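Novice: Coordinates for the following, if possible.
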Amino acid sequence: MMDQSNGYERVAAAFLAGRGRAPSTAVGTREVRDWARTLPPGAAVIDLGCGTGLPITKVLVDEQLNVYGVDAAPSLVEAFRHNLPDVPVACESVVESSFFNRTFDGVVAWGLIFLLQPEEQRYLIQRVADILLPGGRFLFTSSCGTEPLVWNDGMTDLESRSLGAAEYRKLLSEVGLHVTREYEDIGENHYYDTIKATSVNRQE
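Specialist: I've put the predicted structure just below:
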């Protein structure tokens, strides 16, 4: 069966020993926590590529949000269910996910987008726009470089691909997502913080 986890099921043991058990003070948690606090109390949020739920999903839960998770690596989803037993999680590819057949106030994709093929990234951005409520927020990480960039993922050694900041901004704008801020954390992860327009005029 084809691996839909972008190599993370293969390296699950190593991931579980490191980032997969990171505390709520790990790289990225401050930025996600600050983002979560811009959402309404009890907002519905989905964490795409949630892994074990630590540390990112746990931050969202600690902020009293109504959280869901999606990840394609069975071993990581099993750990997620142990770490956060009250949080719904689906073991499926984000590209093929039903996203629990509902809409959300917020979507997080930390360390995920660039693992996907370019056409999958474009499709996922469209799907995120579809499941976000008007005024909803989408936070994701990828390279800050203007031009496309290819590198090997530090965990799986598989190719990662940034479409480039210019292309991300263009794609987001086309589906009614406005980049409100861009920033980096202490681990040099670059964040695109976006909000969905209350009315969308998509280009034909």
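Novice: got any ranges where the protein has weak pLDDT?
Specialist: 1-3, 7, 11-13, 15, 19-25, 156-157, 199-204 (pLDDT under 70).
Novice: Spatially central residue in it, please.
Specialist: In the chain, the centroid-proximal residue (Cα atoms, centre = their mean) is Ala109; its distance is 0.7 Å.
Novice: can you pull up the bridge partners for it?
Specialist: Beta-bridge pairing of Ala109 under DSSP bridges involves Phe140.
Novice: any idea how far Ile56 is from it?
Specialist: According to Cβ to Cβ, to the nearest Å, Ala109 and Ile56 sit 10 Å apart. The way it works is simple: take the backbone N, C-alpha and C, and place the C-beta from them, glycine included.
Novice: Please identify every residue contacting each of those two.
Specialist: Asp47 (Cβ atoms under 8 Å, 6 or more residues apart in numbering).
Novice: Which stretches in this protein count as strands?
Specialist: 44-48, 66-71, 89-91, 104-109, 132-141, 149-152, 159-162, 177-184, 190-196 (DSSP state E).
Novice: Would you reformat the ones you listed as TSV and include distance to Arg81?
Specialist: Output for these, formatted as TSV (distance: least, Cβ to Cβ, whole Å):
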stretch	distance to Arg81
strand 44-48	14
strand 66-71	10
strand 89-91	6
strand 104-109	19
strand 132-141	24
strand 149-152	30
strand 159-162	27
strand 177-184	31
strand 190-196	28
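Novice: how about those, which one is nearest Glu120?
Specialist: strand 159-162 (9.8 Å; Cβ to Cβ).
Novice: Show me what the closest one is in contact with.
Specialist: Strand 159-162 is contacted by residues 114-118, 121, 142-143, 145, 148-153 when judged by Cβ under 8 Å, 6+ apart.
Novice: Same check on stretch 110-124?
Specialist: Stretch 110-124 is contacted from outside by 6, 28, 32, 47-49, 56, 94-95, 109, 139-143, 153, 158, 160-163, 171, 189, using Cβ under 8 Å, 6+ apart.
Novice: Report the buried residues of that stretch.
Specialist: By neighbour count on 16 or more other Cβ atoms under 10 Å, the buried set for stretch 110-124 is 110-116, 120-122, 124.
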